[in-house]
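Enquirer: This is a predicted model, with the sequence first.
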Amino acid sequence: MEANAALGLQSCPWIGPDKVGRKGSGFVRLPNRCLEERRVSTVRFGDPRRGRTLFRPGQAEPKISCSYKKAPGAENIHNSFDEALILKRKSEEVLPYLNGRCIYLVGMMGSGKSTVGKILSEVLCYSFFDSDKLVEQAVGVSSVAQIFKDYSEAFFRDNESEVLKDLSSMRRLVVATGGGAVIRPINWKYMKQGITVWLDVPLDALARRIAAVGTASRPLLHQEPGDPYTKAFAKLTALSEERGKAYANAVARVSLEDMAAKKGHADVSALTPTDIAFEALIKIESYVSETAAVLNRSCIQGRKS
Ligand SMILES: Nc1ncnc2c1ncn2[C@@H]1O[C@H](COP(=O)(O)OP(=O)(O)OP(=O)(O)O)[C@@H](O)[C@H]1O
Ligand SMILES: O=C(O)C1=C[C@@H](O)[C@@H](O)[C@H](O)C1
């Protein structure tokens with residue numbers, strides 16, 4: 001309670017992802033601030049084969065302070081008031097450098113993109129989106145597993161690319177991408193409109209997290225035989241071999257192994273989502289300040305010549 005109050009110190013407009021309607025109304029709603037700052041007036045999500053869904057700036061909700069409205073799942077996530085305050089301060093340092101650029105979290109299934117993404121969106125007063133959920137809304141099917149079953153993985157991937165394309169024209173969003181979004185080069189073109197952050201989590205920790213909740217919602221893991229941990233670990237190992245290099249395209253990497261070693265923890269499971277969100281902000285800060293310095297140097301050189 002106390003810790004969450006710290007996040008409300010700075011009031012700003014916020015409408016949570018629960019306000020993102022689809023199908024029934026035919027529109028996807030976005031937060032006011034995000035709509036004000038978008039360069040395009042109308043963005044569409046949806047299945048290109050079915051005709052895509054429009055959402056319009058005029059559909060925006062009234063402004064609500066982020067001290068009252070939190071991303072679902074982001075409640076009571078900080079261990080202490082101090083932890084929340086430190087995170088909030090860091091976000092205030094990083095925010096001016098972002099210039100409204102979106103943050104795209106990439107990483108394997110279960111790496112914590114949604115958990116950490118909600119925390120980041122909260123402290124930055126950005127809106128949070130989960131690209132898997134946007135695909136589900138666009139297709140009108142309630143789960144990714146069902147989309148794989150009713151259509152195909154390729155169909156899911158086409159829709160995922162469309163969603164990322166639409167998001168790429170927007171500002172002030174934290175996006176938790178699907179674990180496989182990194183495999184298509186075109187998706188990188190979209191995600192690189194913002195700042196890409198790889199949550200790099202050891203495979204055994206991923207398999208433990210996934211086994212704890214079961215594999216049913218993760219179609220790529222569900223086909224293997226065996227107990228949930230063993231089948232998750234085997235498939236994640238194969239996927240990570242295929243995708244290792246693709247995740248490394250991100251401009252920032254948050255390695256839980258490195259974090260745990262620096263903090264003297266024997267295991268990454270000692271790291272809280274707030275610790276990880278803080279490390280992500282540090283990595284984002286070092287990327288944005290480096291790029292700002294390079295830009296400055298080239299401006300000075302340009303003026304001299
Ligand atoms: N730092 C953490 N420590 C322990 N468990 C965590 C941590 N972060 C996330 N989890 C748990 O791991 C599981 C997966 O987290 P989350 O859904 O955020 O991952 P994801 O990367 O968004 O997954 P996917 O791509 O499959 O949707 C959840 O049950 C979540 O509660
Ligand atoms: O790693 C993957 O390929 C996937 C991850 C999930 O987020 C979903 O996007 C889907 O289950 C595929």
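Expert: Alright, I've got the coordinates. This structure is a prediction, so every number in the text was calculated from the model and none was measured. Ligands and ions are numbered 1, 2, ... in the order given.
Enquirer: Give the residue spans of the stretch 101-250 of the chain that score low on pLDDT.
Expert: 215, 222-224 (pLDDT under 70).
Enquirer: hey, where'd the strands end up in it?
Expert: Counting by DSSP state E, counting those that start in this stretch, the stretch 101-250 of the chain has strands at residues 103-106, 127-130, 173-176, 195-200.
Enquirer: What residues does the closest residue to residue 233 other than its chain neighbours make contact with?
Expert: Leaving aside its sequence neighbours, residue 233 sits nearest to residue 207 (Cβ to Cβ, 6 or more residues apart in numbering; 3.8 Å). (Glycine included, C-beta is placed from N, CA and C.) By Cβ atoms under 8 Å, 6 or more residues apart in numbering, the contact list for residue 207 reads 229, 232, 233, 236.
Enquirer: Which ones among those map onto helices?
Expert: Here DSSP state H is the test, and the contacts of residue 207 give 229, 232, 233, 236 as lying in helices.
Enquirer: Just among those residues, which is most surrounded?
Expert: In terms of neighbours by other Cβ atoms under 10 Å, the ones in helices among the contacts of residue 207 top out with residue 232 at 29 neighbours.
Enquirer: ok so, going back, rebuild the strands of the stretch 101-250 of the chain as a markdown table, extending it with mean neighbour count.
Expert: Shown next, in a markdown table, are the strands of the stretch 101-250 of the chain (neighbours: other Cβ atoms under 10 Å):
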| stretch | mean neighbour count |
| --- | --- |
| strand 103-106 | 28 |
| strand 127-130 | 25 |
| strand 173-176 | 28 |
| strand 195-200 | 24 |
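Enquirer: Present these as JSON lines; the columns should include distance to residue 94.
Expert: Putting these into JSON lines (distance: least, Cβ to Cβ, whole Å) gives the following:
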{"stretch": "strand 103-106", "distance to residue 94": "10"}
{"stretch": "strand 127-130", "distance to residue 94": "17"}
{"stretch": "strand 173-176", "distance to residue 94": "12"}
{"stretch": "strand 195-200", "distance to residue 94": "10"}
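Enquirer: Out of those, the one nearest residue 290 is which?
Expert: Ranking these by proximity to residue 290 (Cβ to Cβ) places strand 195-200 first, at 11.9 Å.
Enquirer: quick one: the closest one near ligand 1?
Expert: No - Strand 195-200 does not reach ligand 1 (Cβ under 6 Å from any ligand atom); its nearest approach is 6.8 Å.
Enquirer: Which other helices and strands does that strand contact?
Expert: Judged by 3 or more Cβ pairs under 8 Å, 6 or more residues apart in numbering; DSSP states H and E, the packing partners of strand 195-200 are strand 103-106, strand 252-255, helix 256-263, helix 273-304.
Enquirer: How about residues contacting stretch 232-252?
Expert: Against stretch 232-252 from outside (Cβ under 8 Å, 6+ apart): 104, 106-110, 179-180, 182-183, 188, 195-198, 200, 203-204, 206-207, 210-211, 215, 220-221, 224, 226, 280, 283-284, 286-287.
Enquirer: Ligand 2 contacts on this protein?
Expert: Counting by Cβ under 6 Å from any ligand atom, the chain sits next to ligand 2 at 109, 132, 144, 178, 179, 180, 218, 219, 220.
Enquirer: now with 5 Å?
Expert: Within the chain, the positions adjacent to ligand 2 are 109, 132, 144, 178, 179, 180 by Cβ under 5 Å from any ligand atom.
Enquirer: Filter those residues down to the ones in helices?
Expert: For the residues of the chain next to ligand 2, membership in helices holds for 132, 144, with DSSP H as the criterion.
Enquirer: any idea how far residue 237 is from ligand 1?
Expert: Using Cβ to the nearest ligand atom, to the nearest Å, residue 237 is found at 16 Å from ligand 1.
Enquirer: Enumerate every residue touching residue 103.
Expert: Counted by Cβ under 8 Å, 6+ apart, residue 103 has contacts 117, 120, 124, 126, 173, 174, 175, 194, 195, 197, 284.
Enquirer: beta partners of it?
Expert: For residue 103, the beta-bridge partners are residue 174, residue 195 (DSSP bridges).
Enquirer: quick one: it and ligand 2, what's the gap?
Expert: Taking Cβ to the nearest ligand atom, one finds residue 103 at 17 Å from ligand 2.
Enquirer: Many thanks, we can stop here.
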